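**Student:** model this:
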Amino acid sequence: MDRNTITGLILIFVIFIGFSVFNNSRLNKAYENAVTVAEASYNRGEFEAARSEYVNALRLKPNKPEVIAKLNELNQKLGVVSGTQKADSAASLKSDTTPALSSPALAGSSGTQADINMYGAFSKAAVGENQFITLENNKVELKISLKGGKVYSARLKDYKTFDGQPLILFSGDSTVFGFNFFTADNKAVQTNNLYFTPVSDQKLIVVGSVQQSVSLRLMAADDKYIEYKYTLAPDKYMLDFNVTFNSMEGVIAANQNSLTLDWKMYIPQQEKGRQNEENYSDITYKYYQDDVTYLKPRQSKEVEKTDITTKLSWIAFQDQFFSSVILSNDFFLNGSISSTRTLTSKKYLRYNTSEVGVAYNPSSSNAISMKLYYGPNSFNVLKKEGLQLEKLVFLGKNIIGWINRFAIIPVFNWLNNFIGNYGIIILILTILIKIVLFPLTFKSYQSTAKMQVLKPMVEELGKKFPKKEDAMKKQQATMDLYKRAGVNPMGGCLPMLLQMPILFAMFRFFPVSIELRQEHFLWATDLSTYDSILSLPFTIPMYGSHVSLFTLLMTASTLLTMKMTGSSPGSDQPGMKVMMYMMPVMFMLILNNFSSGLTYYYFLANILTYLQNIISKRFINADAVLATLAENKKKPLKKSKWQQRLESAAKQRGINPPKK
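**Tutor:** Okay, here's the model as predicted:
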């Protein structure tokens, strides 16, 4: 590639970036001008003109909540909406009952002339009687509401909440789901609050050996309607969701080339360990033909939000073990999502919202093909559905994730085929991991044992070089001692380095493994959350208000193992000793509220490590180590090339190496 070609490519890149910035600047400026004109008209009392400008602003930048709020306010001032029904979303956050998420601009109608003006072609759908159609298979029961045509509730048949109640992912008016758009005469429509008409009179549809469907229509005229069709197959948590806009020319605005799919949901608490469940509750989404990402998990902000300007494949509202997901068979144009984490009501964990853009062609009939998933965060179940849905189960990144996906999960599933007790499965899994690592760590354990044989001699060197300025001499003499005895001082660190990825992988695996949910073992009633042998009448910061026996056993076994291997270089220093013994205490405080399956695994790993140390010591002959040391003392200590270069450089600077 010559210089002219490179220069040309750079110029093209600069022009492209410049055009993008310029175009975006024009869009922002047009939007800001529309809002400015609208605000000026509003301040002058020209509400009709203000409303028109706010509509123009939304066409430039859809999903702007402040503009939508102003538009709703103007609708009320102009008598376009009945003033008797107003939803207060902020107040609903403080309620212990199921919050109502009806839009203030499209609340229920009394059928007045103002309501007819508000809904335009959909005025007949503004009033009606809410009824439900049940669509179910052996996995999930869905109640579909005629109001909004949405899935009103989703119950998972194979699962219960921590207190034995039916597990319902969402229910009632706490959920918003529908399309937002403008009609040809500039009426703001939200299908979530309009009444659909069922195509069939059947109220209960049970899926047997073949899939079944429910069809609902939002009528604008006899031959003009929006149809929702839900199709559920046997043994599936996933259902097809197809939307057809039939002959909507002249009904939906001709200049509207996209619609907003509005989805809001309160996420209820399902597990005993609320803190742990909150840590794993999030909004997850996948970029079209790209990777999966998360909405800043475990942040301390009350509200997290982000605008996504690129195409999306799916969005999921998830908690620790269950998810509600909307997927496009094609793609969503863009999205805006938010999650409110601090709710006064203890019934709910999160208030999640999403608005996604859906492509729409106003000049012809449109068919939008989507899927809805209401089910468990099971790695195996989600992987079968494709589109990287298994990444809803966060198993860690890079090597941590690889260990879980390609080693831990396959072995865990294989053991599960033969053993029904998950406590025994964890025990066997731990033993297998230790067996695999044992050949790699045996030499390191031996190195640690040899260092314990040499410990008295190292202590003598400490007495020989007691001054701080002799620290370098002491260190070099210690290294010479280890070298003559044939001991690698860093060998004792190798077991820990080898085990760290496994330990981190388990830290990710156990808290999100739905297989452990509500599984009993010994005194633990649920291996997916903490075990408690004592409830405290007070709360200890970081620790909690209960005592976990597995956490105590894990801490004690960690201290026992550290005591055995505490003769490594530097461990005799007071500061290092304090650090060594503080770490297990810190882990005890942190892990007291974590999965008992995780702390049980750490306890087993510590006990097996202790036994491996004992076995390794039996292969160490102290007399042989000392004999090797005595023999090597008679020989000149061979210097490494690195040491020779260092001493040569020191001589050039006039520094004499320490005498042996």
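**Student:** which residues touch stretch 377-393?
**Tutor:** Defining contact as CB atoms under 8 Å, 6 or more residues apart in numbering, one finds that stretch 377-393 is touched by 237-238, 284, 286, 291-292, 313-314, 316, 318, 320-323, 325, 327, 373, 375, 395, 409, 413, 512, 514-515. Glycine gets a C-beta too; all of them are placed from N, C-alpha and C.
**Student:** same question for stretch 397-414.
**Tutor:** Around stretch 397-414, the neighbours that count as contacts under CB under 8 Å, 6+ apart are 379-380, 395-396, 425, 429, 432, 501-502, 504-506, 508-509, 513, 515.
**Student:** output the helix or strand that Leu553 is a member of as PDB - backbone C-alpha positions only.
**Tutor:** Under the criterion DSSP states H and E, the helix or strand holding Leu553 is helix 549-564. As requested, C-alpha coordinates have been extracted for helix 549-564 and formatted as PDB (Å, rounded to 0.1, in the frame of the first residue of the first chain):
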ATOM      1  CA  LEU A 549     -22.200 -23.000  59.600                       C
ATOM      2  CA  PHE A 550     -20.600 -23.800  56.200                       C
ATOM      3  CA  THR A 551     -19.000 -20.300  56.300                       C
ATOM      4  CA  LEU A 552     -17.600 -21.000  59.700                       C
ATOM      5  CA  LEU A 553     -16.200 -24.400  58.600                       C
ATOM      6  CA  MET A 554     -14.700 -22.800  55.500                       C
ATOM      7  CA  THR A 555     -13.000 -20.100  57.600                       C
ATOM      8  CA  ALA A 556     -11.600 -22.600  60.200                       C
ATOM      9  CA  SER A 557     -10.300 -25.000  57.400                       C
ATOM     10  CA  THR A 558      -8.700 -22.000  55.700                       C
ATOM     11  CA  LEU A 559      -6.800 -21.100  58.800                       C
ATOM     12  CA  LEU A 560      -5.800 -24.700  59.400                       C
ATOM     13  CA  THR A 561      -4.400 -24.900  55.800                       C
ATOM     14  CA  MET A 562      -2.600 -21.600  56.200                       C
ATOM     15  CA  LYS A 563      -1.000 -22.700  59.400                       C
ATOM     16  CA  MET A 564       0.400 -25.800  57.800                       C
END
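**Student:** off-centre distance for it?
**Tutor:** With CA atoms, centre = their mean, to the nearest Å as the basis, helix 549-564 stands 30 Å off its chain's centre.
**Student:** for it, which outside residues touch it?
**Tutor:** The contact list for helix 549-564, computed with CB under 8 Å, 6+ apart, reads 523-524, 530-531, 533, 580-581, 584-585, 587-588, 591-592, 594, 596, 599-600, 602-603, 606-607, 609-610, 613.
**Student:** next one: stretch 583-593
**Tutor:** Outside stretch 583-593, the residues that reach it (CB under 8 Å, 6+ apart) are 273, 275-276, 530, 542-544, 546-548, 551-552, 554-555, 558-559, 562, 598-599, 602.
**Student:** and that stretch, what's its mean pLDDT?
**Tutor:** Per-residue pLDDT over stretch 583-593 has a mean of 85.
**Student:** would you mark the buried spots in that stretch?
**Tutor:** Using 16 or more other CB atoms under 10 Å as the burial criterion, the residues of stretch 583-593 that qualify are 584, 587-589, 591-593.
**Student:** need the three-state assignment for Ile226.
**Tutor:** With DSSP: H, G, I helix; E, B strand; the rest coil as the basis, Ile226 sits in strand.
**Student:** ok, for it, nearest residue in space, not its chain neighbours?
**Tutor:** Using CB to CB, 6 or more residues apart in numbering and skipping the chain neighbours, the partner closest in space to Ile226 is Leu218 (4.3 Å).
**Student:** and the contacts of the helix or strand where that neighbour lies?
**Tutor:** Taking DSSP H and E as the criterion, Leu218 maps to strand 212-221. Contacts made with strand 212-221 from outside it, assessed by CB under 8 Å, 6+ apart, are listed as 121-122, 124-125, 133, 135, 144, 146, 149, 191, 194-200, 205-206, 225-232, 248, 251.
**Student:** filter those residues down to just the buried residues.
**Tutor:** For those, burial is judged from neighbour counts taken by 16+ other CB under 10 Å, and it is met by 121-122, 124-125, 133, 135, 144, 146, 149, 191, 194-198, 205, 225-232, 248, 251.
**Student:** from the contacts of stretch 377-393, which ones fall inside helices?
**Tutor:** Within those, residues falling in helices by DSSP state H are 409, 413, 512.
**Student:** count of residues packed around the second one?
**Tutor:** Neighbourhood size, Asn413 [other CB atoms under 10 Å]: 13.
**Student:** repeat that for the last one.
**Tutor:** A total of 21 residues lie near Val512 under the criterion other CB under 10 Å.
**Student:** Asn138 versus Tyr152, what's the distance?
**Tutor:** As judged by CB to CB, to the nearest Å, Tyr152 and Asn138 stand 20 Å apart.
**Student:** of the two, who's got more company?
**Tutor:** The residue with more neighbours, out of Tyr152 and Asn138 and counting by other CB under 10 Å, is Tyr152; that gives 22 against 13.
**Student:** list phi and psi for the more buried one.
**Tutor:** Phi and psi for Tyr152, reported as degrees, to the nearest 10, are phi -80, psi -30.
**Student:** contacting residues around it?
**Tutor:** By CB under 8 Å, 6+ apart, the contact set of Tyr152 is 132, 143-145, 171-172, 175.
**Student:** list the contacts of stretch 271-279.
**Tutor:** Contacts of stretch 271-279 with the rest of the structure, by CB under 8 Å, 6+ apart, involve 161-162, 269-270, 297-298, 319-321, 341, 349-350, 511, 517, 526, 528-530, 593-595.
**Student:** per-residue pLDDT of Ala184, please?
**Tutor:** Confidence per residue is given as pLDDT, and for Ala184 that number is 83.
**Student:** contacting residues for it?
**Tutor:** Per CB under 8 Å, 6+ apart, neighbours of Ala184: 250-254.
**Student:** which among these end up buried?
**Tutor:** Neighbour counting by 16+ other CB under 10 Å classes 251-253 among the contacts of Ala184 as buried.
**Student:** still on that earlier bit, of the ones in helices among the contacts of stretch 377-393, which is the nearest to Lys187?
**Tutor:** Top of the list for closeness to Lys187, among those and by CB to CB, is Val512 at 45.5 Å.
**Student:** my guess is the closest one meets Tyr280, correct?
**Tutor:** Yes - shown here, Val512 and Tyr280 form a contact pair, counting by CB atoms under 8 Å, at 6.3 Å.
**Student:** shared neighbours of the two, which are they?
**Tutor:** The overlap between the contact sets of Val512 and Tyr280 (CB under 8 Å, 6+ apart) consists of 320, 394.
**Student:** what distance do you get for Gly375 to Tyr422?
**Tutor:** Gly375 sits 21 Å away from Tyr422, taking CB to CB as the criterion.
**Student:** list just the nearest of the buried ones among the contacts of Ala184 to Glu32.
**Tutor:** Using CB to CB, Ala253 is the member of these that sits closest to Glu32, with 22.5 Å.
**Student:** that closest one: what's its closest spatial neighbour, skipping adjacent residues?
**Tutor:** With CB to CB, 6+ apart as the criterion, Ala253 has its nearest non-adjacent residue at 4.6 Å, and that residue is Phe182.
**Student:** ok so, going back, in strands, which of the contacts of strand 212-221 fall?
**Tutor:** When strands are assigned by DSSP state E, the members of the contacts of strand 212-221 inside them are 133, 135, 144, 197-198, 205-206, 225-232.
**Student:** can you tell me which residues contact the residue nearest to Ala253?
**Tutor:** Residues touching Phe182, when contacts are defined by CB under 8 Å, 6+ apart, comprise 55, 58, 188-189, 252-253, 256.
**Student:** switch to 10 Å and redo it
**Tutor:** By CB atoms under 10 Å, 6 or more residues apart in numbering, Phe182 lies in contact with 55, 58-59, 120, 188-189, 252-253, 255-256, 259.
**Student:** if I look at it, how far off is Arg51?
**Tutor:** Where Arg51 is concerned, Phe182 sits at a distance of 12 Å (CB to CB).
**Student:** now do the shared contacts for those two.
**Tutor:** Between them, Phe182 and Arg51 share these contacting residues under CB under 10 Å, 6+ apart: Ala188.
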